[in-house]
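Visitor: Sequence below, structure please.
(2 chains, ligands or ions: 1)
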Amino acid sequence: MSLKNVAIVACGLAPFGVRKATWRELVQEASKSLFDDVQNLDKKDIDSLFVGAAMPERFAFQSHVAPLVAEQVGIVPHKVVTRTELACSSGQSAVRTAWASIVTGLSDIALCMGVEKMNMPNMLETQTSMACVLEREWDGVQGASAPPFFAMCAQRHMHKYGTTVEQMAMVSEKNHHFSTTNPYAQFQKEIPAEKVLGSPMIAPPLRLFDCSGITDGAAAVILTSEERAKEFTDTPTYIIGSGQCSMASNLANYKSLSTWHPLKIAAKEAYRSAKIGPMDLDFAELHDCFTISEIIEYEDAGFCEKGEGGKFIEEGQSNIGGKMPINTRGGLLGTGHPLGATGIGQIVEVMQQFRSTVPKERLVDGAEMAMTHNLSGAANVHSILVFGRSPT
Amino acid sequence: MTTIVLPYMLDFYPLQDEDNTRVHQFYASLREGKLTTTKCKNCGGLFWPPRVACPGCNSDQFEWVELPDEGELYAFTAMLLGAPLGMEKDVPFVLGMVLLDGTEFKVLSRIGNTKYEDCGIGMRVKLETYELEDGRVWFRFVPVD
Ligand SMILES: [Zn+2]
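Guide: Numbering: from 1, shown residues only, chains lettered A, B, ... in the order given. Below is the predicted model:
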């Protein structure tokens, strides 16, 4: 069996934020944006649909969401139709699965829709649902959710490597600065590091602006084979590598909080399959659900030595002009984190960077290769896709 | 109007009786103040939380063993904002990962009888069990005097 190279040929977004819109309306907005972006595509030729959605049952009281999306966007998928759920990585999972389906020749043209509606009249419902992303019976039951878990990662990283809250605040400042260039982002204001350090404590040492938001949003892409890509766009983005690893679920069984071993494994495989080293990338979208996440990811994705993530942000190495620009669209901290939409929102940024259609302030000029990374749950799963402006 | 009777499934605590779980012995022991788990009789594998099938050797023959009731804080934080439904009244509370003596298990637990400011990495803690309002049983750790 010959395996096909896969290209992304179109992308679309619904604005991220606290939206006065329902789950299905977000899907329609992203769909309109997506089909405005593609030329010469007959919807009848889309044979597969992958919907990345983490918790529509909890947030929108809706299950069996793939057929609902198919109807909203106006397609009749007849090769594969499914939903992918991997909590915070649900969107990337949709694209990974679509990629695999095209690689093998099962699907010809696939639509991926990532969506989450998280803001509800009673925010307690959202917070309660988020706690079941951890192992609910043994860890969630203790009252834990994402902020306390990542707070403990921060504590261990500070304890072991001397990372500071000031360095963490710089991550938030950088990503909120980038999100001011992104009209699709939830947060549109500069948040200087001092403001991060003065914001309310959520779970020490993490403060409000160390945490990504509770966000509504949707993002979509269309994938097809390299052979067909040029029918639909002059500027396809190719998937050239990938890696993914799941290690432990119950927190008791973690090897470390300050080194994310499954990320190291996923990154190694992503670089091996793309036949590159980490520094061959021109920029990366990392999963900055919390400021400490981005710092640990600099290290375990291989952009700096272990323990030097704090120094990496302090020296401006993750800014444009540094060694590895990170999260130019604003990251999860600045753009918001609608779980199912996040992974696809990052891919939209990669495509728009490659096309040089992002605002000049955040353009990584001449970029040829990039990666997107998502973690999910309590950082026990890490997923990476590597992209190129050319297929190899 | 319908009255919702506990336990309901948006509730965080596990169903503990023998009609609902095969590891009901864990909760019976907890009621006696003991933290236990399952050890595989075939390969000797010790797992947290308790199991009914061994992921190591595929045996389903287990014995219950008591875990140490003391350990040290590996990491900790406090929940100040955003606690889940039913736990809002507990805020602020301390959460920590307790490295149980002689094991590699870093069990996540509430840390009672203390404040965040008074805790430190390596602090000694011991098991405490208690009954929930609806009669189920649960555990936490508290500082060793
Ligand atoms: Zn065994």
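Visitor: B:Leu10: what's it in contact with?
Guide: Contacts of B:Leu10 were listed using C-beta atoms under 8 Å, 6 or more residues apart in numbering or on different chains, and they are A:128, B:85. (C-beta placed from N, C-alpha, C; glycine too.)
Visitor: Is it correct that it falls within a strand?
Guide: No. With DSSP: H, G, I helix; E, B strand; the rest coil as the criterion, B:Leu10 is located in coil rather than a strand.
Visitor: Distance-wise, check it relative to B:Gly86.
Guide: To B:Gly86, B:Leu10 is 9 Å away according to C-beta to C-beta, to the nearest Å.
Visitor: Could you give the residue of the stretch 51-200 of chain A that lies closest to the ion?
Guide: Nearest residue of the stretch 51-200 of chain A to the ion: A:Trp138, at 20.3 Å (C-beta to the ion).
Visitor: Name the nearest residue to residue 29, ignoring sequence neighbours.
Guide: Let's take chain A. The shortest distance from A:Glu29 to any non-neighbouring residue, by C-beta to C-beta, 6 or more residues apart in numbering or on different chains, is to A:Ala14 (3.6 Å).
Visitor: oops, chain B please
Guide: Leaving aside its chain neighbours, B:Ser29 sits nearest to B:Thr36 (4.4 Å; criterion: C-beta to C-beta, 6+ apart).
Visitor: Check the gap between that neighbour and B:Ala28 for me.
Guide: For B:Thr36, the distance to B:Ala28 - C-beta to C-beta - is 9 Å.
Visitor: My understanding was that A:Ile102 contacts A:Arg96; is that so?
Guide: No. The pair A:Ile102 and A:Arg96 does not pass the contact test of C-beta atoms under 8 Å, sitting 11.1 Å apart.
Visitor: Comparing those two, which residue is more hemmed in?
Guide: Higher neighbour count among A:Ile102 and A:Arg96: A:Ile102, with 27 against 23, using other C-beta atoms under 10 Å in any protein chain shown.
Visitor: residues contacting the more buried one?
Guide: A:Ile102 neighbours (C-beta under 8 Å, 6+ apart): A:4, A:6, A:108, A:110, A:223-225.
Visitor: Not counting residues beside it along the chain, what's closest to it?
Guide: A:Val6 is the one closest to A:Ile102 (C-beta to C-beta, 6+ apart), at 4.8 Å.
Visitor: ditto for A:Gly241
Guide: A:Ala274 (2.7 Å).
Visitor: host element of residue 130?
Guide: If you meant another chain, say so; for now it's chain A. If you go by DSSP states H and E, A:Met130 is part of helix A:123-130.
Visitor: I was after chain B.
Guide: Counting by DSSP H and E, B:Tyr130 is part of strand B:124-131.
Visitor: Then B:Glu72?
Guide: Counting by DSSP H and E, B:Glu72 is part of strand B:70-79.
Visitor: What strands line up against that strand, and which way round?
Guide: Strand B:70-79 pairs in its sheet with strand B:93-100 (antiparallel), strand B:124-131 (antiparallel), by DSSP bridges.
Visitor: CA atoms only for it, dumped as PDB, please.
Guide: Extracted in PDB, the C-alpha atoms of strand B:70-79 (Å, rounded to 0.1, in the frame of the first residue of the first chain):
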ATOM      1  CA  GLU B  70       2.000   7.800  56.600                       C
ATOM      2  CA  GLY B  71       3.900   9.600  53.900                       C
ATOM      3  CA  GLU B  72       5.400  12.900  52.900                       C
ATOM      4  CA  LEU B  73       4.100  15.800  50.800                       C
ATOM      5  CA  TYR B  74       5.600  15.600  47.300                       C
ATOM      6  CA  ALA B  75       3.700  18.700  46.100                       C
ATOM      7  CA  PHE B  76       0.800  20.800  47.300                       C
ATOM      8  CA  THR B  77      -1.400  23.700  46.500                       C
ATOM      9  CA  ALA B  78      -4.700  25.200  47.600                       C
ATOM     10  CA  MET B  79      -8.000  25.500  45.900                       C
END
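Visitor: can you pull out the strands in chain B?
Guide: Ranges of strands in chain B, per DSSP state E, are B:36-40, B:46-47, B:62-66, B:70-79, B:93-100, B:106-111, B:124-131, B:137-143.
Visitor: So what's the model's average confidence on the shortest one?
Guide: Averaged across strand B:46-47, the pLDDT comes to 96.
Visitor: Check which helices and strands it sits against.
Guide: strand B:36-40 (3 or more C-beta pairs under 8 Å, 6 or more residues apart in numbering or on different chains; DSSP states H and E).
Visitor: and the strand it packs on, how far out from the chain's middle?
Guide: 14 Å (C-alpha atoms, centre = their mean, to the nearest Å).
Visitor: Extract the residue ranges of chain B that are flagged as low pLDDT.
Guide: By pLDDT under 70, the weakly predicted segments of chain B are B:1, B:4-9.
Visitor: residue contacts, B:Ser29?
Guide: Contacts of B:Ser29 by C-beta under 8 Å, 6+ apart are B:35-36, B:64, B:66.
Visitor: what residues does the stretch 1-150 of chain A put near chain B?
Guide: A:124-125, A:127-128, A:131, A:136-145, A:147-148 (C-beta under 8 Å from any C-beta of the partner chain).
Visitor: buried sites along the helix holding A:Met130?
Guide: Using 16 or more other C-beta atoms under 10 Å in any protein chain shown as the burial criterion, the residues of helix A:123-130 that qualify are A:125-130.
Visitor: Surely the residue of the stretch 51-200 of chain A closest to the ion is within a strand?
Guide: No. Judged by three-state DSSP, A:Trp138 forms no part of a strand; its state is coil.
Visitor: what's the closest non-adjacent residue to it?
Guide: B:Pro49 (5.0 Å).
Visitor: quick one: contacts for A:Val69?
Guide: A:27, A:49, A:51, A:113, A:115.
Visitor: So it: helix, strand or coil?
Guide: Taking three-state DSSP, the label given to A:Val69 is helix.
Visitor: cool, and the one 3 residues further on?
Guide: For A:Gln72, the assignment made with three-state DSSP gives helix.
Visitor: Same question for the one 4 residues further on.
Guide: Using three-state DSSP as the criterion, the local structure at A:Val76 reads coil.
Visitor: I figured it hits A:Leu49, correct?
Guide: No. Counting by C-beta under 8 Å, A:Val76 stays clear of A:Leu49, with 9.4 Å between them.
Visitor: How about residues contacting the helix holding A:Met130?
Guide: Helix A:123-130 is contacted from outside by A:55, A:58-59, A:118-120, A:145-146, A:214, B:10, B:82-85, B:88, using C-beta under 8 Å, 6+ apart.
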